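1. Here is my input, please return the structure:
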Amino acid sequence: MSFNTSDPKTAQRPASPARSPLVIVLAVLCALLIAGIFFLLGRMGAMQAAQPTETAGASAAPTATATPEKDPEVLKLIRAQPTREEGDPYAQGKVDAPVVMVEYSDFSCPFCAQFANTTKPELKKLIDDGTLRIEWRDLALFPEGKTTGAAARAAADQGKFWEFHDVVFKAHSGGHPSYTEDEYVEFAKQAGVEDLDKFREAIKNPELEKKVFENTDSAIRTLGLRGTPAFIINDEVVSGAQPTEHFQQVIQQELAKVNANK
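-> Numbering: from 1, shown residues only. Next comes the predicted model:
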């Protein structure tokens, strides 16, 4: 007598069917789709990283655009930044100008120099005709910026902040330049500072650099700013050395809002 010694479970198990060509094609297509998504995300990240502001950690290109809608508390904070103080040595333009640009900048920042040398001269006619007011705020993220910011305050004490501002930024040759005491005095001379001996003594005063630090600390803590230049233009926030046309567009947009609400 013979017995069947095979495992009944094994005997009843059907053979594995051959994998369908359609399944293989679909799997390949899914893999390609996933790879494509990761590629596009990588490209978008690279594009965003290449946008122009200067941060304390690294340089980049500008990032910023006006946000269409803002939280009421954020809007309240933004609107509280302009001081419109009569006789402010760090401001240009009429106190009652319909559009106020608060500029957060660092004298050692190359993108700030780019804005000062290319865009700001194009905005002068808007300052002159009473449309625009610009108020400077120190956002010195680098040691060189703090030192030069203090020297600019010494010039401001003699009514020459903006002249000193222009001379320093025109001398900017890239990177984060630092200057000697004699070079600061030469800048002051070119800016028309009258009492150069007084200026030389003033730039040694630690209180001036302390004020630069306080301005910077306030901008970081209150507004969360981490890069320069940054701007508040009425209700809009712009980051980086954007093209001149972008600033002109935002200014005209804000002017239209003011006129519409009259």
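
2. which residues of the protein fall in helices?
-> In the chain, the helices defined using DSSP state H lie at 8-12, 21-49, 72-79, 110-114, 120-128, 143-156, 161-171, 181-191, 196-202, 206-223, 244-260.

3. for the ones you listed, which one sits closest to Y104?
-> Distance to Y104, taken as CB to CB, is lowest for helix 206-223 among those, at 5.3 Å. To be clear about C-beta, it is placed using only N, CA and C from the backbone, and glycine gets the same treatment.

4. can you pull the buried residues of that closest one?
-> Buried residues in helix 206-223, defined by neighbour count with 16 or more other CB atoms under 10 Å: L208, E209, V212, N215, T216, A219, L223.

5. Same check on stretch 146-160?
-> Within stretch 146-160, the residues scored as buried using 16+ other CB under 10 Å are 146-158, 160.

6. In a markdown table: those, plus distance to A171.
-> A markdown table is the format used below for these (distance: CB to CB, whole Å):
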| residue | distance to A171 |
| --- | --- |
| K146 | 18 |
| T147 | 14 |
| T148 | 10 |
| G149 | 15 |
| A150 | 17 |
| A151 | 12 |
| A152 | 13 |
| R153 | 18 |
| A154 | 17 |
| A155 | 14 |
| A156 | 18 |
| D157 | 21 |
| Q158 | 19 |
| K160 | 15 |
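
7. Looking at those residues, which is nearest L75?
-> G149 (28.8 Å).

8. Tell me how far the closest one lies from I203.
-> Plainly put, G149 is 11 Å away from I203 if you go by CB to CB, to the nearest Å.

9. Next: F111.
-> To I203, F111 is 25 Å away according to CB to CB.

10. Of these two, which one has the most company?
-> Each of F111 and I203 has its neighbours counted (other CB atoms under 10 Å); F111 has more, 23 against 20.

11. who are the neighbours in contact with the nearest residue to the more buried one once chain neighbours are set aside?
-> Distance criterion CB to CB, 6 or more residues apart in numbering; nearest residue to F111, sequence neighbours excluded, is A241 at 4.2 Å. Going by CB atoms under 8 Å, 6 or more residues apart in numbering, A241 touches P52, T53, P62, F111, C112, Q114, F115, T118, T119, P229.

12. Would you mind giving those residues as JSON lines with distance to D195 and pLDDT added?
-> Output for those, formatted as JSON lines (distance: CB to CB, whole Å; pLDDT from 0 to 100):
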{"residue": "P52", "distance to D195": "38", "pLDDT": "65"}
{"residue": "T53", "distance to D195": "36", "pLDDT": "71"}
{"residue": "P62", "distance to D195": "39", "pLDDT": "45"}
{"residue": "F111", "distance to D195": "33", "pLDDT": "98"}
{"residue": "C112", "distance to D195": "28", "pLDDT": "98"}
{"residue": "Q114", "distance to D195": "32", "pLDDT": "98"}
{"residue": "F115", "distance to D195": "30", "pLDDT": "98"}
{"residue": "T118", "distance to D195": "32", "pLDDT": "98"}
{"residue": "T119", "distance to D195": "32", "pLDDT": "98"}
{"residue": "P229", "distance to D195": "30", "pLDDT": "98"}
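
13. The residues you listed into a markdown table, with extra columns for distance to D88?
-> Converted to a markdown table, the contacts of A241 look like this (distance: CB to CB, whole Å):
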| residue | distance to D88 |
| --- | --- |
| P52 | 28 |
| T53 | 25 |
| P62 | 27 |
| F111 | 24 |
| C112 | 20 |
| Q114 | 25 |
| F115 | 20 |
| T118 | 25 |
| T119 | 21 |
| P229 | 19 |
